[in-house]
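K.L.:
coordinates only, sequence not included:
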């Protein structure tokens with residue numbers, strides 16, 4: 001069955017009304033859209049963290065330990081993230097380039113810990129090329145570059161998060177790029 005389309009009340013030739021059969025459904029949809037337009041931005045709660053696979057952390061840790069000439073890690077999986085951080089920092093201190101997978105696992109492990117301790121979306125912490133996380137409660141951004149951004153290199157992030165480097169020392173040395181009123185993690189660091 002073909003249902004003819006009716007013209008709208010304004011008389012413009014390109015404006016067409018929906019057939020009367022489904023007009024009730026459309027009016028419901030329109031009412032929902034109008035209501036939703038008033039609150040386009042809504043908070044869906046915290047973004048679930050993408051956790052690293054414990055098996056991959058252990059593989060990366062064992063590769064880093066082998067690169068340092070040490071035996072494989074024999075501790076529990078729950079301690080592998082912290083052990084990976086320490087192994088990567090040992091590689092940096094020995095003047096070596098850490099294994100890429102181990103550096104990535106160490107950076108992500110500490111960023112996940114930061115996000116767990118300070119949940120929110122007002123500050124974005126970037127550690128290129130490995131990871132970025134949003135944390136700290138407060139006003140959040142929805143599109144584009146966030147107003148509060150902290151960016152640093154992997155070694156500086158690991159040293160900050162473990163307390164081997166202070167926030168003031170890192171910003172004074174130009175190792176951190178921080179913009180925005182809330183772009184200060186000194187009250188949250190060190191993580192351990």
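P.N.:
Structure's in. What do you need? Given the structure is predicted, the values throughout are model-derived calculations rather than measurements. Numbering: from 1, shown residues only.
K.L.:
Out of the helices and strands in the protein, which is least certain?
P.N.:
Using mean pLDDT, DSSP states H and E, helix 23-37 stands out as the lowest-scoring helix or strand of the chain, at a mean of 45.
K.L.:
List the buried residues in the longest helix along the chain.
P.N.:
Longest helix in the chain, counting residues (DSSP state H): helix 100-117. By 16 or more other Cβ atoms under 10 Å, the buried positions in helix 100-117 come out as 101-115. The C-beta positions use only the backbone N, C-alpha and C, and glycine is treated the same way.
K.L.:
And those, which is closest to residue 79?
P.N.:
Nearest to residue 79 among the buried residues of helix 100-117: residue 109, at 11.0 Å, using Cβ to Cβ.
K.L.:
What are the neighbouring residues in contact with the residue nearest the centre of the chain?
P.N.:
The chain has residue 133 as the residue nearest its centroid, 2.5 Å off, counting by Cα atoms, centre = their mean. If a contact means Cβ atoms under 8 Å, 6 or more residues apart in numbering, then residue 133 has 111-112, 114-115, 124-125 as its contacts.
K.L.:
For it, give me phi and psi.
P.N.:
Backbone torsions of residue 133, given as degrees, to the nearest 10, read phi -140, psi 150.
K.L.:
any idea how far it is from residue 73?
P.N.:
Residue 133 sits 25 Å away from residue 73, going by Cβ to Cβ, to the nearest Å.
K.L.:
Equivalent analysis for residue 152, please.
P.N.:
Note on residue 152: its distance to residue 73, by Cβ to Cβ, is 27 Å.
K.L.:
sorry, back to before: quick check, nearest of the buried residues of helix 100-117 to residue 160?
P.N.:
Closest approach to residue 160 among these (Cβ to Cβ): residue 110, at 8.8 Å.
K.L.:
quick one: that closest one and residue 181, what's the gap?
P.N.:
24 Å.
K.L.:
Going along the chain, name the helices of the protein.
P.N.:
Under DSSP H, the chain gives helices at 23-37, 54-67, 80-93, 100-117, 154-162, 167-172.
K.L.:
before we move on, the earlier item: of residue 152 and residue 73, give the one with the bigger neighbour count.
P.N.:
Taking other Cβ atoms under 10 Å, residue 152 and residue 73 do not tie; residue 152 has more neighbours (21 against 18).
K.L.:
Near the nearest residue in space to that one that is not next to it in sequence, how many other residues are there?
P.N.:
Leaving out its chain neighbours, the residue that sits closest to residue 152 by Cβ to Cβ, 6 or more residues apart in numbering is residue 176, at 4.8 Å. By other Cβ under 10 Å, 22 other residues sit near residue 176.
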